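>>> I would like to see how this sequence folds:
(chains A and B)
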Amino acid sequence: MNSVVLESVSKVFRHRPALFNWLGRERRGETRALDVVSLSVPAGRVLVLLGPNGSGKTSILKLVSTMLLPDSGRVLVEGADTLREGHRVRKHVGFAVASERSFFPRLSARENLNFFAALDDVPRKLRGEKIDEVLAQTGLLEAADTLVMKFSSGMYQRLGIARALIKEPSILLLDEPTRSLDPVSATHFWHLVRGLSERAATVMLATHSFTEAVAVGHFVAVLYQGSLVGCGPLSSYTTVDELRSLYFETTGELEEVGEMAVRAGA
Amino acid sequence: MNLSSLLDKMAAVARRDLLTAIRYRTGFFALAGSATVELAAFYYLSRAVGPAFRPQGFDYFPFLLVGTGFYAFLVKGVNAFLTTVADAQQTGTLEVLMTTATPPTLLIFMSAVSAFAGSALELVLYLATGLIVFGAPLHPNWLGCAVIFTLSLVLAIAIGIGAAALQLAIQKGSAVLWLLGSGTWLLTGTLFPVSSLPKALRSFSALIPITHSLDGMRLALLQGVPFAFLGREVVTLGLFCLLLLPFSLLVFSYTLRRARLEGTLSFY
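You can find the predicted model right below:
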């Protein structure tokens, strides 16, 4: 049974320059973020999305969360179509976004979580306990009553993960979740993700880290310029080097890096 | 969604807004001070104009008190919807809020109602200051006040949802709203009676719902006219509500869907 299915999904962002464009020369035309991408994620599994910047990883996560809607194709989440049944989809999905700017700065971490928990229908009686639990899981318990405007990047990132976890989603979307975390916190987080999938949660995780991909992933999908160029299982025997080779083979980036190295050497 | 869940969400939104407001301490006190100074200016203006000037049969100071107080309440309410969306765009919370289990329209509505509650408190303080400090004579017909207030509130919500849609669509709704706000300030009889305007502008002012809100509230609060005498204002406001509320809800749903399709939810 698949929790998430993308069927021939395409997404194009159109650039509509401002008036008097000759003043600033804003870009025209369009960016093809996703080009007929199809993939599926079985329930209780972790799919890692790999790809260079602008390859479409975040667009896929946003499409699954209903932040974005597809131009063509279908996105199904637990059987519900994101275009027609957005409300049903949003009950299942928790999304830890990469941006730090997604909290109310003059509320504490606990107050922010309490607010989002209410909107996500977490029962009032359980809320306090759940908030303490996710704060502990993300190592933020001591900073629970600090206003979030005083947080560091890493703390924001952990709070974002806590917010995504609080509704106990059946599908968890993580956009570069360990980008600002120190190595110990990152390792702790990988255990957390594995634990979630053992409890039947489906996870989609976008990252640039091969180590992270190998540590948590059951499957990997490699994206390049909006197209899916590689997809397959990650066994417990897959090494970081093997994954790195697969990545550079499928994206063709190794040749570019090689050419740049030659040029730099020359 | 059941009532208890709705109230729980409403409480969460109100708590967020209250905590944010009291943590901006200076803004809170500046607001109270500026209202008193504004009323003092109106009081001395009305004395300078003299008792012979009685717009629509009212003393000038109470005319100004109700006009400016109620106008500010309605406009701030409308603005609250726009600010809710604009703040969420700027703090980066909009995208995340739009992926919670709470329907987006309800979320915007709750945030604005919370802001309305703050504006209602300001209105009560404003009127109380006018009454106690400057001795404005009020003769309220409470039922009339309640009906006009409720209909005006629904109207402000309808216009506010439209303003929120505008902010989603062009990310600079405040500019358009400022233009509309200046126009309504001139045309709705806030500072002077509509009868002072040229004929062409007078007919235009009749098409603005706030004109009827101010007329109705002045009659109910200052003259205490029986409910039956408020019929014209009540029917006009009711018709505006029936037309504008479904229309603005449709427009909001459409612009939200467009923003999701174009990927502009996080733009500001």
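>>> Can you pull the residues of chain B lying near chain A?
B:5, B:8-9, B:11-13, B:15-16, B:19-20, B:23-24, B:91-93, B:95-103, B:107, B:257, B:260-263, B:265-266 (CB under 8 Å from any CB of the partner chain). Where you see a C-beta, it was placed from the backbone N, CA and C, and this is true even at glycine.
>>> Quick one: buried ones out of those residues?
Neighbour-count burial (16 or more other CB atoms under 10 Å in any protein chain shown) is assigned, among those, to B:8-9, B:12-13, B:15-16, B:19, B:91-93, B:95-102, B:107, B:260, B:262-263, B:265-266.
>>> quick one on the thing from earlier: let's see which of the residues of chain B next to chain A end up in helices.
Mapping the residues of chain B next to chain A onto helices (DSSP state H) picks out B:5, B:8-9, B:11-13, B:15-16, B:19-20, B:23, B:91, B:95-97, B:107, B:257, B:260-262.
>>> Tell me where the model's unsure across chain A.
Where chain A drops to pLDDT under 70, the residues are A:16-27, A:98, A:236, A:254-258, A:260-262, A:264-266.
>>> Spatially central residue in it, please.
A:Asp175 (2.6 Å; CA atoms, centre = their mean).
>>> Can you report phi and psi for that one?
Torsion angles at A:Asp175 (phi, psi; degrees, to the nearest 10) stand at phi -100, psi 110.
>>> Could you pull up the contacting residues of it?
A:Lys57, A:Thr58, A:Leu61, A:Phe95, A:Ala96, A:Val97, A:Ala98, A:Ala206 (CB atoms under 8 Å, 6 or more residues apart in numbering or on different chains).
>>> again with B:Glu233
B:Ile148, B:His212, B:Ser213, B:Asp215, B:Gly216, B:Leu219.
>>> would CSV of the residues you listed with pLDDT, secondary structure and neighbour count be doable?
Output for these, formatted as CSV (pLDDT from 0 to 100; DSSP: H, G, I helix; E, B strand; the rest coil; neighbours: other CB atoms under 10 Å in any protein chain shown):
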residue, pLDDT, secondary structure, neighbour count
B:Ile148, 94, helix, 26
B:His212, 94, helix, 26
B:Ser213, 94, helix, 26
B:Asp215, 93, helix, 22
B:Gly216, 93, helix, 25
B:Leu219, 93, helix, 24
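>>> Out of the residues you listed, flag the one nearest to chain A.
Using CB to the nearest CB, B:Ser213 comes nearest to chain A of the contacts of B:Glu233, at 31.9 Å.
>>> Could you measure from that closest one over to B:Val154?
Distance of B:Ser213 to B:Val154, given as CB to CB, to the nearest Å: 11 Å.
>>> can you tell me the residue of the stretch 51-200 of chain B closest to chain A?
B:Gly92 (3.1 Å).
>>> Give me the phi and psi angles of that residue.
phi 80, psi 10.
>>> One more: A:Gly29?
phi 80, psi -150.
>>> my guess is B:Val85 meets B:Gly160, correct?
No: B:Val85 is beyond contact range of B:Gly160, at 10.1 Å (criterion: CB atoms under 8 Å).
>>> Show me which of the two is the more surrounded one.
The residue with more neighbours, out of B:Val85 and B:Gly160, is B:Gly160; 30 against 27, by other CB atoms under 10 Å in any protein chain shown.
>>> how would you label the more buried one: helix, strand or coil?
What DSSP: H, G, I helix; E, B strand; the rest coil gives for B:Gly160 is helix.
>>> Next up, the contacts around it.
Per CB under 8 Å, 6+ apart, neighbours of B:Gly160: B:Gly77, B:Val78, B:Asn79, B:Ala80, B:Phe81, B:Leu82, B:Ala112, B:Ser248.
>>> separation between it and A:Arg127?
30 Å.
>>> Quick one: residues contacting residue 6.
Picked chain A for this. Listed by CB under 8 Å, 6+ apart, the contact partners of A:Leu6 are A:Val37, A:Ser38, A:Leu39, A:Ser40, A:Ile60, A:Leu63, A:Val64, A:Gly73, A:Arg74, A:Val75.
>>> Sorry, I should have been clearer: chain B.
B:Leu6 touches B:Leu106, counting by CB under 8 Å, 6+ apart.
>>> Which residue, other than its chain neighbours, is closest to A:Ala186?
A:Thr178 (4.1 Å; CB to CB, 6 or more residues apart in numbering or on different chains).
>>> In helices, which of the contacts of B:Gly160 fall?
Assigned to helices by DSSP H, the following of the contacts of B:Gly160 qualify: B:Gly77, B:Val78, B:Asn79, B:Ala80, B:Phe81, B:Leu82, B:Ala112, B:Ser248.
>>> Looks like the fourth one contacts B:Met110 (just checking).
Right, the one you point to is B:Ala80. No: in this structure B:Ala80 lies outside contact range of B:Met110 using CB under 8 Å: 11.2 Å.
>>> More neighbours: those two, which one.
Between B:Ala80 and B:Met110, counted using other CB under 10 Å, the more crowded position is B:Ala80 (25 against 21).
>>> List the contacts of that one.
Each residue near B:Ala80 by CB under 8 Å, 6+ apart is listed here: B:Ser111, B:Ala112, B:Ala115, B:Phe116, B:Ser119, B:Gly160.
>>> any idea how far it lies from B:Ala115?
In this view, B:Ala80 and B:Ala115 are 3 Å apart by CB to CB.
>>> doesn't A:Thr238 make contact with A:Val214?
Yes: A:Val214 is in contact with A:Thr238 according to CB under 8 Å; the separation is 5.9 Å.
>>> Counting neighbours, go ahead and name the busier of the two.
Remark: of A:Val214 and A:Thr238, A:Val214 carries more neighbours, 22 against 17, as counted by other CB under 10 Å.
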